[in-house]
Structures are given as structure tokens and as C-alpha cells.
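attaching a predicted model along with its sequence, questions to come.
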Amino acid sequence: MSAPELHVNGHRYEVRSPVGTTLAEALRDELSLTGTKIACGEGHCGACTVLVDGTPTLSCITLVHAVGDAKVTTIEGVRDHPMIEAFVRTDALQCGFCTPGQVMSAVALVDATPAPTTEEIRHAMAGNLCRCGAYPKIEEAIRTWHA
Amino acid sequence: MARLIRTEKEVEGRYEEVWLVVEEDALEQWPAGARAIVGQPAVRIDGLQRARGEAIYTADLRLNGMLHAAVLRSPHARARIRHIDLAPALALPGVHAAAGPGEIEQLVDECDYQGVAVAAVCADTLAQARTAVAAIGVEWEVLEPLLDPDEAVRRGELLDEPRVRGRGDYEQGLAEADVVLTGEFRTAVVMHNSMETHQAVVQWVGDGVEVHISTQYIWGIRDEVAAGLGLPPDKVRVVCNYMGGGFGSKNGADDYTFIAAELAKRTGRPVKCALTRREENLAAGNRNATIQRLTVGAKSDGTLTALGGDFVNAVGWSGWSSSTEGPMQMLYACPNVKTTTYGAKINQPPMKAFRAPGFVEGTFGLESLLDELASKLGVDPLELRRLNYAETTADDRPFSGKQLLECYRRAEPHWERRHAVRARSTDTVKRGVGMASQIWYGGGGPPSYAWVRVSSDGHATVITAMQDIGTGTGTAMAQIAAEELGIPLDHVTVSLGDSARGPYAAISAGSSTTPSMGPAVRAAAADAKAQILEIAEQRGTPDAPLAEVVALLESGQILGKGARGPNPAGMQVLTFGVQVAEVAVDVETGEVWVDRIAAIHDVGRVINPLGASSQIEGGIIQGVGHTLSEERLHDPRTGEILTTSLDAYRLPTIADVPEIVSELIDQPDTHLTNLGSKGLGEPPIVPTAAAIANAIRDATGADVRRLPITRAEMLRALREAELRQREREKVGAPAGV
């Protein structure tokens, strides 16, 4: 049986990891895409957020073999998105460990809602924890990303 | 020139007398106010790498042949191992080595808290290592844990002798008082929960060892690992280019580093040992719980005559008893003070420093009690604090700089909002405003060194083996060097994070990185600039711009070096501030919302106003978490920790964030270094809980006495206030008739 394929950032990869491997582990360990972080490993903090067919998804509790033909976008796939520049400009990161996950949630939000309200921002971002407390600036980054 | 001095060294509020070699700080401070680069908002120099996920944290490191370690930790608060069998683990696929109790100092069979390490395994994959750990056979003898800190004090189970501090005559001060108030305040255990868990990758190379570690103190790790492994320090290389948060919990090497070192030695391969989030909530430190039994005596106008307190720090099994009494000793000009602090030793995971340890807890108690006093006396809380303003330290030393009165003045417009805020109350939702003052250290100190390298293209590199734990200190160093050299900020690179590639740099704790490193960086840049000027003079063009002079160098480089000078002798270097909180309380459900916090702090000269505002916001948000939602819970019978996930342990989310208005006085501390800058990491978290508690009192008349302010605590305080009101009416009625 041939290995299943994984579509990541416009490329196709053969998945060699054993069944039971999470998407986050496969991205980080097999594909060396370490921009996706694992901070809790049990779906509570949002640091591992990637897009699966455009939907923000917790890659640390998604099995890689369950992704199928869906298109996975990681932080490495949005490196030139204006949201990154907005995060840097507004100082929306401190230690930066949660930041790739924050950016992925923010990108998904503005893809669907280009000019979100504060309420919409808070709703969409409430699953991404930031222990440094960069939240006010994250809100500002998303409010002004197209500026 | 280098000079040997005997001086007090302060870290996280703990002092020790040390010999230090210091170099004179010959540079004049820049005049107050923003300059071309220093004092201007700057985006992080490493922001793009971090935001794009390009930054390689310890967690992201993959070395050739690297094995993964997993650790077996005690599931019991107190237990001893009768028998342990590593053989089943070693027999599993992928497993390379295992170590059990006694094989290294960090693995034990007498377990005095849940989470203490007993055995470790390394394997090709993390999953294999975890499976192997689960296969280790252990026969436990579970013992009765000691969990109650008051009981520990009664039994004399203390870390060290009770710390008695004071001045004047406390009993006499109480006798002189018109009003005496007492209160018992409690604060819960809260967890650092840095997003990157504690971890290290260790690799033996030649006759030395390389330690890649998520740390706040590269040089401290170097010394600790060298001592622990019996190596000369220069055989230990410590690397931390990017790190994912620490908040005080990553100052030491800890069990995982030594476990990785041992397993790496046995296998001849690099070994990573990373805590899981569950382990992080057990074995990575915490802000310990406190019990504070406080007394204040005052004249009827609010002048303090006596302050006293018995403080119990529920330290856990080891650690240190932080200065919970510090704010009571230091914040006000009270002539008679007496405090006793107990470090209670209980069967719970050890504390570690957590962002202004002791002062966050102590400020909650003290500033809540002072607000009760103001309320009782009918004195305006802001005026009460001005009335008791301390002109000097308790031992009559001058402050190197103190802008607290200016903080109070700038707080006035925020404080004035209370009438309008209260007026928006309804029958069920009461609104109010409260304030609290902040005192903390943050002066940094020597030694710390930096080099500045200027190349012929007019670009400069700051080289120092410091760490940037996410505070943006690297950016501040670039600003300082660019300012001193007179070159654009984007012409400066900062090379940090590697003990093999730069000179000694201070710990990133105690709000000390910028005040310790900044003056060394400026001195190094000034040294480079002086050399460039010399070249210009030799060439007969002393006024030529730097770029023109260094362009002559071709492959040559100018190397400047700088050191942190001494702190001002005979003075105390402290930071100050005030916060004003606005809250809403649902008096039926006990729910509390924080709507707005205004923060005004004095940390001397501000290097980067953008980064500074982020630090303030971050501190306040952690403070809001400590105040309203964060609490480590344990089973009161067995001591088992119940909150080991980020689901159970409630960190603030973006939806919990109030409006935050921040302001810095930005007056250089004229006695402190060539910069006049103090640290800002810790000050903003210090007064937040007390300001919120005092706003709740303003809104409802209820005295909350416990952090976090759960709905149960809020409802208890409301009931107590209601009963007190009824009593008052009953007692007052006959007199009024």
C-alpha cells in the first residue's frame, strides 16, 4: 500500500509517520515545518493552529492520517501575508511562541471577514492563549492589518 | 579601569553581599526626553522571525541523532518507592537508556511532592520514550502528606528561621492609633505556564558539553551545569537564541537538564528532555500561596502609626521564602513596623520566582487593608497614600530616584472618573474605581559586558551572551547602540544567546536586563565611537561623519567594549507606580468584570515606548488572571494537583482583557548608570490585584480577602458587608432616635 499524501502549503508529501501521529508532529518532525508550535499537546491553547481547507484547526489533536485530501496551510505558507507585518508593526508578540498560531487564526478570520469588529476579533481569537499578554496589540494588529 | 568593590547584590528582592569587579561608568547621562532613537517607539528587531515561525526555539531544535527523553514523576504528594523495575522499559523498541532513583541526584525514591522525578528513559521518538516510562514498574508506599501551611508553621516545618523585620516600637504605635484594623488575606498558588515548556537539549562534544535550553540565565546555567557535572565552566556551552517565556520560572537548570546530560552521556547522542504541559503544571515552579494576617493603626486623619503582619509563605517542599512583607516594610513612611514571615514547608511542588515574587501577594494584602482604613476614616484613598508618602527608605537611605508623587498626580484624572463610573451602577450591577500603589526593585547591577563591532559599511553588531526572553531587550540594546553611534537603527544587529559567542550578561529576572545590560552596551558603543573619532583626527577630518571614516577600513573593524558600572553607593534603587482599576460586580451572581485599568509607572528613562507599553499590558493581564481566574487546586486529602491542563487552569484569554491605558513618567534616574533606566518586567503586575479589590470595595462596600476573587469569594464578601450594614443600622438606631 502506498503511503498517504499530505497537501501542505501547495506541496504534496508522502506521510511516513505511523498511524496515530498527529498533524502537528508530522509537520514538525517529518516535514521540519517547526513554525507550528506545540505548547500543550491537548488542544487547549491554540499554539498549533493551522488551516485545513481554510478552517483554523488544532493540529496537535488532529491525526495526520485523518486529513485526507484537505489542503493544509501552516505559518510557513503565509510568510508574506500582510497579517505578519501587522503583528510586527503593532508589537503583537513578546516571546513569540504562540504567535504563529495567533497569526493563523487571524488570517482565517480576515479571509472570511476582512474588517472584523472587536467582538468578532475576540470571538475568533479566544482559543489562542498568549501568556505574555500581547492581546491588546493582537487586537490592534487584526483591526489594522490592511493599513 | 576595573576595580574590586564589596557591594549588595539584589535579585528578585533577595540581597547578598558580594565582591564584584566593576568598571567605572564614565559617560554622562543623556538629557531627559526622547532622542533620535532612544525613547522612540521601535518594532522588535526579531519580530519578523518570531511571527513567521522562523525563530528556532529549544523546542524546535533537532540535532543529528537526537533522542527524546521522558520522565517518570511521582503521582503522590508524599510517597516512597519500595521497588522499581526499569527492565520492562529497557526492553521496548527504540529505547536506548534508562536511569532510576539515585543514579543521578535529580532522580529520587523518597518523594516529597507530586511531580518529583524518579526515573527517565530516552528513545528514538518521544512516543517510544513515553510508552517506556509507562512500562516502568513501581511499588509505592504512599505516606500522609502535610498540606496545611498553618499546620506546618505550628509544627515548626519551616524552610529557615522565621524572618522578623521591623522598626520603631510597634506596640507603642498601636497604642497611639485612633483606629486599628486587622484583616486576614489569602492568595492562591498560581502557575507560570510559559507557552514553551521547560526543556533542554544536551550534547557532549569533545571534553565538554553543549546545553541548548529555554532559560532566563545563560551564565547561571553554565555555572550550575559545570558544578553539577564536575566540569570547568568553560567546557559548558549554553545556547538560547529564542525562548518562549519564563516569568521567573526558568532561572535554573532543573531536573530535565541533568536528566538529558546523563542520558546523552550514556548513549553518546544528543538528548532532548522537554516537560509536557501536565508536567509543567507540577514540576516547573509556581507562585506560592500566602496567608497574611495584617494590622494597621492610624490617627483619625489617616497618618499611619503602626503596621504589622504575620506572613505565611506556603513555599512547597523547597525554594525560598519571598519577601511578602516587602511592601509593608517599604511602601509607606510608618514609624513603627513589625513583620514576621514564615516559609512553610509542605508536600507540594516547590515555588519559584514569579514576576515580582512576594510583592504581588503582599501588595494585595497591604493595599486592600489601607483602602479599608481610608473607607473607615472617610479619607480619600489617594490622599491617604500621599499623606504617608516615604521621603527616604526605612533606614534613612535616599532613593536614587522616586517619581511616585508624580505618578499620583498623573493618576488624578483616572481617579476622578469614579463618580461617573459609580453613577452607571444599576440595582444588580455595581460599578466602582479603586487604586493601589506599586513598589519593587528593578535597578539591575554589575557585572554585565557587551562588545560593539563596527564594520566599514557603517553597520554595527552588539555582541553579548544575554538572553531575550520575549521582553524585547535585544531591541532596546540595538536602540542604545544606534543612538550612541549616531547610526540608523536598522544598521545595528544584536548577537546574543550563546555563552561561547559573547561576554557575560546578567540574568533576565528581577526586571534587570535593560538596567544591567543597557549601560554596558552604551559604554561599548561609546568606546567604538571614541576609536573612530581618533582615526578621524589622525586623518585630519575630526568632524567627518562616522560612515565616511569607517569606510576607510575595508576589511578592518572597530571593536568597542563596555561594562556595567556600579550602582550608586548608599542609595536604594527602586521602581514605583500606581494603577487605577474600574470594575463591575454582579451582586446576584458574584461575577466581576474589569473594565479598565490605568497604569502609571516610574522606571526612569524609557528606551522603547512601544515595547514598554507591551510589558505593562502583559503584566496587567497576568495580574487580572491572578485576581479573577487563576488558581492551582489540589485534593485537600491527598494533595493531588487537580489543575494540570490549560483547560482546568484558567489563563486569561483575549476576551478577558480590559481597556488598558498606560503612561510612563520617563524621567531618567540621575544617580543610576549612564542611562538612568530601570526595569519594567515586573512593576506592572504588582498593584493590579489590589486595585481591582479596592474597586470592588468602592462598587459594593464588600471587602474581598482572597485571590482569586471567585464568585464564591465575591458572594461571601457581599454577604459579610450586608450583615455589617445591618449590625450598624441596629446599633445606630437607638442613638439616632
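Right, received. Where do you want to start?

what about the strands in chain A?
A:5-8, A:11-14, A:49-52, A:55-58, A:71-73 (DSSP state E).

now do the stretch 601-737 of chain B
Assigned by DSSP state E, counting those that start in this stretch, the strands in the stretch 601-737 of chain B fall at B:659-664, B:706-707.

go on, the stretch 451-600 of chain B?
Under DSSP E, counting those that start in this stretch, the stretch 451-600 of chain B gives strands at B:460-463, B:492-495, B:558-563, B:575-586, B:592-602.

count of residues packed around residue 46?
Just going to use chain A. Residues contacting residue A:46 under the criterion other Cβ atoms under 10 Å in any protein chain shown number 26. Bear in mind the C-beta positions are built from the backbone N, C-alpha and C, glycine included.

switch to chain B, that's the one I care about
Per other Cβ under 10 Å, the neighbour tally for residue B:46 reads 23.

what's the burial count for the residue lying closest to it once chain neighbours are set aside?
In space, and not counting its chain neighbours, residue B:46 is closest to residue B:474: 6.2 Å by Cβ to Cβ, 6 or more residues apart in numbering or on different chains. Neighbour count for residue B:474, taken as other Cβ under 10 Å: 23.

which residues sit in contact with residue B:474?
By Cβ atoms under 8 Å, 6 or more residues apart in numbering or on different chains, the contact set of residue B:474 is B:44-46, B:468, B:494, B:496.

how about 7 Å then?
B:45-46, B:468, B:494, B:496 (Cβ atoms under 7 Å, 6 or more residues apart in numbering or on different chains).

equivalent analysis for residue B:665, please.
B:403, B:406-407, B:602.

can you name the residue of chain A nearest to chain B?
Closest approach between chain A and chain B, counting by Cβ to the nearest Cβ: residue A:35, at 2.1 Å.

so what's the residue count around the closest residue to that residue other than its chain neighbours?
Using Cβ to Cβ, 6+ apart and skipping the chain neighbours, the partner closest in space to residue A:35 is residue B:53 (2.1 Å). Residues lying near residue B:53 (other Cβ under 10 Å) number 25.

what are the buried residues along stretch B:155-173?
For stretch B:155-173, burial by neighbour count (16 or more other Cβ atoms under 10 Å in any protein chain shown) applies to B:157-159, B:163, B:166, B:168, B:170, B:173.

adding distance to chain A, secondary structure and pLDDT, write these out as TSV.
Formatted as TSV, those follow (distance: Cβ to the nearest Cβ, whole Å; DSSP: H, G, I helix; E, B strand; the rest coil; pLDDT from 0 to 100):
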residue	distance to chain A	secondary structure	pLDDT
B:157	32	coil	98
B:158	32	strand	98
B:159	28	coil	97
B:163	31	strand	98
B:166	36	strand	96
B:168	40	coil	97
B:170	39	helix	98
B:173	40	helix	98
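
what about the helix ranked longest in chain A, average pLDDT?
The longest helix of chain A (DSSP state H) is helix A:99-112. Across helix A:99-112, the average pLDDT comes to 98.

same question for stretch B:524-531.
Here the average pLDDT along stretch B:524-531 is 98.

so what touches that stretch?
B:27, B:450-452, B:454, B:480-481, B:484-485, B:558, B:560-562.

using CSV, list the CA coordinates for that stretch.
Extracted in CSV, the C-alpha atoms of stretch B:524-531 (Å, rounded to 0.1, in the frame of the first residue of the first chain):
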residue,chain,number,x,y,z
ALA,B,524,30.8,49.6,24.3
ALA,B,525,29.3,51.8,21.6
ALA,B,526,31.0,54.9,23.1
ASP,B,527,34.3,53.1,23.1
ALA,B,528,33.9,52.2,19.4
LYS,B,529,32.9,55.8,18.7
ALA,B,530,36.0,57.2,20.5
GLN,B,531,38.2,54.9,18.4
